[in-house]
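Trainee: Next input, structure requested:
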Amino acid sequence: MRTIAIANQKGGCGKTITAINLSAALAKRGQKTLLIDLDPQSHASLGLGIKTESLSRTIYNTFIDTGSGVFGLADIILTLRENLDLAPSHILLSTLEQILAGQEDAALRLSQSISSLEGFYDFVIIDCPPSLGFLTFNALRASGEIIIPVEASSFSISGVGKLKELLELVESKLGHKLKTRSLITIYDRRSNFSKRILEEIRDRFKGTLFETIIRLNVKLREAAFLGRSVFEHAKFSRGALDYQQLAEEVLKEEFLISKEEIVRKYLERFIYYSPTAHEVYLVGEFNNWLLEPGSRLIRNEDGNWVKNLILRPGRYRYKFVVDGEWKDDPNSKTKLPNPFGGTDSVIEV
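Mentor: Residues are numbered from 1 along each chain as shown. Coordinates of the predicted model:
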């Protein structure tokens with residue numbers, strides 16, 4: 001699983017549009033892809049048609065216990081298209097740095113969450129906020145690669161230096177080195193100024209630049225405004241062609257791990273209906289039958305308690321614990337006797 005942060009402290013450089021359309025392009029090529037929106041402004045979520053203010057669970061809930069425990073990424077992920085999932089953002093992300101100040105594992109929260117998905121996704125793409133604070137630091141620590149969108153303007157170039165300082169800090173403080181690539185964006189080939197800046201960028205970022213150049217194309221902004229990828233809005237546009245080419249370059253990288261080299265995992269959804277229950281837990285052979293905060297189900301308004309769990313292939317016994325009482329899953333077709341005189345539900349992945 002490759003985890004790639006899309007980051008630049010300067011806004012308006014095509015960062016979020018790159019995160020959305022690179023994710024969509026990879027998904028179109030059969031790559032199981034998760035886009036994590038780590039920007040409190042939620043532009044990546046909105047750019048894919050998701051209004052985050054109406055959501056009860058977002059990426060924020062994987063950092064903070066809001067009363068129902070700290071959720072895993074599997075609990076908040078939304079499936080948007082074939083091979084494309086989203087971990088939506090929330091404005092409350094902007095408060096995390098103050099809330100988690102001084103906690104030793106604060107910089108590792110996102111990395112720990114993503115590690116639970118190993119083997120389930122081929123790519124995790126992280127859209128970082130346009131700043132160099134706590135959230136971007138978390139994203140860089142969680143990633144193995146970073147793509148820096150560089151707009152063909154002098155202002156965009158000047159901001160990259162500070163981002164490189166942050167990369168050096170991540171490496172020195174956490175011993176974590178990222179493979180860094182730069183991507184030229186919003187390039188207007190009709191402008192002589194853009195052409196001069198292009199040559200300066202090529203000289204300054206020699207050896208780290210993608211061959212692909214993302215050309216100025218109004219269809220990219222139109223698609224984001226409509227809550228779609230450019231492939232859904234204008235699949236034959238210059239923007240669509242450019243991001244297709246970028247995805248091809250990313251897939252050709254020599255450090256791509258082949259699917260045969262990893263153990264695949266699968267997302268399973270457990271549901272227990274009990275509108276009067278106060279709390280419901282899921283326990284089984286997959287978690288050593290432990291009642292812990294991470295095994296608590298989430299109650300929906302319709303009275304269903306839900307838990308998404310990522311499992312390796314295999315056969316697992318399990319039960320629900322409803323207000324302290326151990327119960328079988330009424331939706332399970334397979335049950336096996338247990339040593340206590342009862343039965344366990346069984347799921348085969």
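
Trainee: Residue nearest the middle of the chain, spatially speaking?
Mentor: Nearest to the mean C-alpha position of the chain, counting by C-alpha atoms, centre = their mean, stands Ile36 at 2.6 Å.

Trainee: Export only the CA atoms of the helix or strand hosting it, formatted as PDB.
Mentor: Using DSSP states H and E, Ile36 sits in strand 33-37. Only the C-alpha atoms of strand 33-37 are listed here, as PDB (Å, rounded to 0.1, in the frame of the first residue of the first chain):
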ATOM      1  CA  THR A  33      -7.800   4.000  -3.600                       C
ATOM      2  CA  LEU A  34      -8.600   6.000  -0.400                       C
ATOM      3  CA  LEU A  35      -8.600   9.800  -0.400                       C
ATOM      4  CA  ILE A  36      -8.200  11.300   3.000                       C
ATOM      5  CA  ASP A  37      -9.300  14.900   3.300                       C
END
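
Trainee: Contacts for the following helix or strand past that strand, please.
Mentor: As assigned by DSSP H and E, the chain's next helix or strand after strand 33-37 is helix 43-46. When contacts are defined by C-beta atoms under 8 Å, 6 or more residues apart in numbering, helix 43-46 is touched by residues 16, 19-20, 35, 37, 51-52, 86, 88-89, 127, 224, 227. Every C-beta, even on glycine, is put in place using the N, C-alpha and C of the backbone.

Trainee: which ones among the residues you listed are found in helices?
Mentor: 16, 19-20, 224 (DSSP state H).

Trainee: Name the nearest of those relative to Lys333.
Mentor: Distance to Lys333 across the ones in helices among the contacts of helix 43-46 (C-beta to C-beta) is lowest for Ile20, with 39.9 Å.

Trainee: Count the neighbours of the closest one for me.
Mentor: 31 (other C-beta atoms under 10 Å).

Trainee: hmm, back to that, show me what the residue nearest to the centre of the chain is bridged to.
Mentor: Beta-bridge pairing for Ile36 (DSSP bridges): Ala87, Ile126.

Trainee: residues in contact with it?
Mentor: 59, 86-87, 110, 114, 124-127, 139.

Trainee: Just confirm Ala223 contacts Tyr243, I think it does.
Mentor: No: contact criterion C-beta atoms under 8 Å: Ala223 and Tyr243 do not qualify, at 10.4 Å.

Trainee: Find residues that contact each of those two.
Mentor: Joint contacts of Ala223 and Tyr243 (C-beta under 8 Å, 6+ apart) are 21, 230.

Trainee: what about Lys195, how many residues close to it?
Mentor: 13.

Trainee: what's stretch 275-285 in contact with?
Mentor: Residues contacting stretch 275-285 (C-beta under 8 Å, 6+ apart): 270, 272, 274, 289-291, 295-297, 299, 302-303, 305, 307, 309, 316-323, 344.

Trainee: which among the residues you listed end up buried?
Mentor: 270, 272, 274, 295-297, 299, 305, 307, 309, 316-322, 344 (16 or more other C-beta atoms under 10 Å).

Trainee: What separation is there between Leu108 and Phe134?
Mentor: 12 Å (C-beta to C-beta, to the nearest Å).

Trainee: out of those two, which sits in the busier spot?
Mentor: Set side by side, Leu108 and Phe134 show more neighbours around Phe134, with 21 against 15, by other C-beta under 10 Å.

Trainee: How are the helices of the stretch 201-349 of the chain distributed by residue range?
Mentor: 218-225, 230-233, 238-252 (DSSP state H, counting those that start in this stretch).

Trainee: ditto for the stretch 1-150 of the chain
Mentor: 15-28, 43-46, 73-76, 96-99, 109-115, 134-142.

Trainee: Ile148: which of these is closest?
Mentor: helix 15-28 (8.8 Å).

Trainee: picking that back up, tabulate the contacts of Ile36 in JSON lines, adding columns for pLDDT, neighbour count and distance to Thr334.
Mentor: Below are the contacts of Ile36 laid out as JSON lines (pLDDT from 0 to 100; neighbours: other C-beta atoms under 10 Å; distance: C-beta to C-beta, whole Å):
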{"residue": "Ile59", "pLDDT": "93", "neighbour count": "30", "distance to Thr334": "35"}
{"residue": "Leu86", "pLDDT": "96", "neighbour count": "25", "distance to Thr334": "33"}
{"residue": "Ala87", "pLDDT": "94", "neighbour count": "27", "distance to Thr334": "32"}
{"residue": "Leu110", "pLDDT": "90", "neighbour count": "27", "distance to Thr334": "36"}
{"residue": "Ile114", "pLDDT": "91", "neighbour count": "22", "distance to Thr334": "32"}
{"residue": "Val124", "pLDDT": "96", "neighbour count": "27", "distance to Thr334": "33"}
{"residue": "Ile125", "pLDDT": "97", "neighbour count": "28", "distance to Thr334": "37"}
{"residue": "Ile126", "pLDDT": "97", "neighbour count": "29", "distance to Thr334": "39"}
{"residue": "Asp127", "pLDDT": "95", "neighbour count": "29", "distance to Thr334": "41"}
{"residue": "Ala139", "pLDDT": "91", "neighbour count": "26", "distance to Thr334": "41"}
